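A.B. asks: build me a model:
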Amino acid sequence: MIRKSLILIAGVILAFAGFGYWYLHKKAEPETPVVLHAIQGLSELATVKYVMEKVVTHEIEKTFGKDQVLLIAQGVVKAGVDLGKMKPEDIRVTADAVSFHLPRSEVTDRYLVEKQTFVYDRRTGLFIHPDKNLESQARQIALSAMLASAHANGILKDSDDRAHVLITKMSQQLGFKTVEFH
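C.D. replies: Sure, this is the predicted structure:
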């Protein structure tokens, strides 16, 4: 009788130990909501920053001549991935692997560096009143040219590549051995 009781107690202890091990092991694996929360914590991940210079000549033809400005502009174009757009179905988690469907990179900011942007030359015809909007128009042209140049040089691809590297490193820190992107 004592022997049967000891076997029964040992069986119950082993069952609880097995359940405890399973429960703790199951809880130790990062789940999709945990991974999504960690990724979204990065929010808007600005991954690439291009700094550029452009020389812009802008002029307005008037009846009695031209109003002309030569602008030297320095600007910044940033691109990144908005991780706040991710949903739980964008992440698949298995025991040691995670798979992501990231939003596409997009330009997150663009601006001129005011301390490095200046009018190099301004020419106005003899009978012409200077147009007060000429310089601001030249600034807009410079900024648009910088944005076009950033796109032509692959800023969005660079941003995607950088986002993959950063998210891979973070996922590996969470314990994943395999990280894939779709």
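A.B. asks: what residues are bridge-paired with the nearest residue to Asp131 once chain neighbours are set aside?
C.D. replies: Distances taken as C-beta to C-beta, 6 or more residues apart in numbering place Asp67 nearest to Asp131, at 5.0 Å, with adjacent residues excluded. Heads up, the C-betas are built off the backbone N, CA and C, glycines and all. Applying DSSP bridges to Asp67 gives these bridge partners: Ile60, Thr124.
A.B. asks: for Asp121, see how far away Asp67 is.
C.D. replies: In this structure, Asp67 and Asp121 are separated by 12 Å, where distance is defined by C-beta to C-beta, to the nearest Å.
A.B. asks: so those two - more neighbours on which side?
C.D. replies: Neighbour count, other C-beta atoms under 10 Å: between Asp67 and Asp121, Asp67 has more, with 18 against 10.
A.B. asks: the more buried one reaches Glu59, doesn't it?
C.D. replies: Yes - under the contact definition of C-beta atoms under 8 Å, Asp67 touches Glu59, with a separation of 6.5 Å.
A.B. asks: okay, and the common contacts of these two?
C.D. replies: Here Asp67 and Glu59 share the contacting residues Leu134, scored by C-beta atoms under 8 Å, 6 or more residues apart in numbering.
A.B. asks: identify the residue nearest the geometric centre of this protein.
C.D. replies: Nearest to the mean C-alpha position of the chain, by C-alpha atoms, centre = their mean, lies Gly80 at 2.3 Å.
A.B. asks: could you look up the SS state of it?
C.D. replies: Using DSSP: H, G, I helix; E, B strand; the rest coil, the three-state assignment for Gly80 comes out as strand.
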